[in-house]
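Chemist: My questions concern the predicted model and sequence given below.
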Amino acid sequence: MVAITLDEIVKAPKALLHDHLDGGLRPATIVELADAVGHRLPATDPEELGRWFVAAANSGSLERYLETFDHTVAVMQTEEALYRVAAECALDLAADGVVYAEVRYAPEQHLERGLSLEQVVEAVLAGFAAGSVEATREGRPIRVGTLLTAMRHAARSQEIAELAVRYRDNGVVGFDIAGAEAGFPPTRHLDAFEYLQRENFHFTIHAGEAFGLPSIWQAIQWCGADRLGHGVRIVDDITPGQLPALGRLAAYVRDKRIPLELCPSSNVQTGAAPSIAEHPIGLLRDLRFRVTVNTDNRLMSGTSMSREMALLVEAFGYGWAELQWFTINAMKSAFIPFDERLTIINEVIKPAYAKLLG
Ligand SMILES: O=c1[nH]cnc2c1ncn2[C@H]1C[C@H](O)[C@@H](CO)O1
Ligand SMILES: [Zn+2]
């Protein structure tokens, strides 16, 4: 079998559930925006800056990885900047062949220059809408949904959850918590999750990335998460062998088809996985967990949705059948209504992969 190339993957439709808006800026845009507000960057040449982000994020620790966001968040403090970054995000994802994306960010981090939470949300929604319209005009249709994130070390999750519900009919499709995991368990935000459940709203939780099974267990069994952001450490509950044995939590996650938003390159950078070839995605796919492939932070990982898939093709020998499976898994797990998910699966994804599968 001839290996699939990156160019071929770019042309295939893909669905992305875990991508951070403040982790995906174009380096050239950061340079321009930083210049306008007088923010000092570690490098002012866009290519050099791009390399700096990847190197700095290559720290082996989530806490140090997260420090790099100081430079992106700093330049995303005005409506114009947020609009531009969101529009460029939609265009970049569409150019990479992503047809459906859920992009997240934490509104509470964009208030440093006096914006209200509502102004932040509306600027980003307008940017996504404009970028999606332009991408469609260029022949690359994309639908972008927004997830609002609350920072797990802070205390604004209830407020952000209410904000997400208020904008549910205007493009916000879900809620998330992110930030340093160790020491900040999901149950700190139980009120927000219980509120969201009473509102019949959707949420995912970053869990099982820098901390293990207790974090995953809380996210699902205490907080009621629909999906797991990363969740890669579920492998700690699987005993390897000819016939791998699943513990109670791993069995529950698989039985209930709880989607895992796996982010291979990001996991290698933060030390959650030793390498792409040794990433638990291989085992989790073989065991038929509801695995999805994601970028996490395209800037910090110097990556794209197509590149993440190409890395898996190279490491695990995957073909179009596996790439279609990841894509349909993601689309099935999206937070938009069921009928809309089905339309994308049946009218966009399946026909394209049918041709690729030959
Ligand atoms: O992989 C991650 N784990 C935990 N937190 C993360 C990750 N990637 C980004 N974040 C944080 C940093 C951003 O400023 C914030 C909102 O997007 O979410
Ligand atoms: Zn993330």
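Modeler: Thanks, I have the structure now. Residues are numbered from 1 along each chain as shown. Ligands and ions are numbered 1, 2, ... in the order given.
Chemist: how about the residues of the stretch 1-150 of the chain near ligand 1?
Modeler: Residues of the stretch 1-150 of the chain lying close to ligand 1 (CB under 6 Å from any ligand atom) are 20, 22, 23, 62, 66, 69, 73, 104, 105, 106, 109, 149. C-betas here are computed from N, CA, C, even on glycine.
Chemist: how about 5 Å then?
Modeler: Counting by CB under 5 Å from any ligand atom, the positions of the stretch 1-150 of the chain adjacent to ligand 1 are 20, 22, 69, 105, 106, 149.
Chemist: Out of the residues you listed, which is nearest to residue 193?
Modeler: residue 149 (13.4 Å; CB to CB).
Chemist: Can you list the buried residues in the lowest-mean-pLDDT helix or strand in the chain?
Modeler: Least confident helix or strand, the chain: helix 62-67 with a mean of 94, by mean pLDDT, DSSP states H and E. Neighbour-count burial for helix 62-67, counted by 16 or more other CB atoms under 10 Å, picks out 62, 65, 66.
Chemist: just stretch 236-250 next, same as before
Modeler: Buried residues in stretch 236-250, counting neighbours by 16+ other CB under 10 Å, are found at 237, 238, 246, 249, 250.
Chemist: How about stretch 81-101?
Modeler: The neighbour-count check on stretch 81-101 (16+ other CB under 10 Å) flags 81-94, 96-101 as buried.
Chemist: Could you do stretch 164-176 as well?
Modeler: The neighbour-count check on stretch 164-176 (16+ other CB under 10 Å) flags 164, 165, 167, 168, 171, 172, 173, 174, 175, 176 as buried.
Chemist: would JSON lines of those with secondary structure and pLDDT be doable?
Modeler: Converted to JSON lines, those look like this (DSSP: H, G, I helix; E, B strand; the rest coil; pLDDT from 0 to 100):
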{"residue": "164", "secondary structure": "helix", "pLDDT": "99"}
{"residue": "165", "secondary structure": "helix", "pLDDT": "99"}
{"residue": "167", "secondary structure": "coil", "pLDDT": "98"}
{"residue": "168", "secondary structure": "helix", "pLDDT": "98"}
{"residue": "171", "secondary structure": "coil", "pLDDT": "98"}
{"residue": "172", "secondary structure": "strand", "pLDDT": "99"}
{"residue": "173", "secondary structure": "strand", "pLDDT": "99"}
{"residue": "174", "secondary structure": "strand", "pLDDT": "99"}
{"residue": "175", "secondary structure": "strand", "pLDDT": "98"}
{"residue": "176", "secondary structure": "strand", "pLDDT": "98"}
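Chemist: residues contacting the closest residue to residue 156 other than its chain neighbours?
Modeler: Nearest residue to residue 156 in three dimensions, chain neighbours excluded: residue 108, at 5.0 Å (CB to CB, 6 or more residues apart in numbering). For residue 108, the contact set (CB atoms under 8 Å, 6 or more residues apart in numbering) comprises 117, 150, 151, 154, 156, 159, 160.
Chemist: swap in residue 122?
Modeler: By CB under 8 Å, 6+ apart, the contact set of residue 122 is residue 79.
Chemist: This structure: strands as residue ranges?
Modeler: 14-20, 98-105, 143-151, 172-178, 204-207, 227-230, 238-239, 245-246, 260-262, 291-293 (DSSP state E).
Chemist: Which one, of these, ends up nearest to residue 282?
Modeler: strand 291-293 (9.8 Å).
Chemist: quick one: contacts of the closest one?
Modeler: By CB under 8 Å, 6+ apart, the residues outside strand 291-293 that reach it are 15, 17-18, 259-262, 264, 281, 284-285, 305, 308-309, 312, 326, 329-330, 333.
Chemist: ok, 10 Å please
Modeler: 14-18, 227, 231, 259-264, 280-285, 305, 308-309, 311-312, 318, 322-323, 325-334 (CB atoms under 10 Å, 6 or more residues apart in numbering).
Chemist: With respect to residue 181, which of the buried residues of helix 62-67 is nearest?
Modeler: residue 62 (6.6 Å).
Chemist: Can you name the residue of the stretch 151-300 of the chain nearest ligand 1?
Modeler: Ranked by CB to the nearest ligand atom, the top residue of the stretch 151-300 of the chain for proximity to ligand 1 is residue 178, at 3.4 Å.
Chemist: Give the rounded mean pLDDT of stretch 42-50.
Modeler: Mean pLDDT, stretch 42-50: 98.
Chemist: Same question for it: list its buried residues.
Modeler: Within stretch 42-50, the residues that qualify as buried are 43, 49, 50, counting by 16+ other CB under 10 Å.
Chemist: do the same with stretch 129-141
Modeler: 129, 130, 131, 132, 135, 140.
Chemist: among those, which are in helices?
Modeler: 129, 130, 131, 132, 135 (DSSP state H).
Chemist: show me the contacts for the second one.
Modeler: Shown here is residue 130, whose contacts under the criterion CB under 10 Å, 6+ apart are 83, 84, 86, 87, 90, 91.
Chemist: okay, now residue 5: neighbour count?
Modeler: 12 (other CB atoms under 10 Å).
Chemist: out of everything not next to it in sequence, what's closest to it?
Modeler: residue 310 (7.6 Å).
Chemist: likewise residue 249?
Modeler: residue 237 (4.9 Å).
Chemist: Next one: that neighbour from residue 126, what distance?
Modeler: Residue 237 is 43 Å from residue 126, where distance means CB to CB, to the nearest Å.
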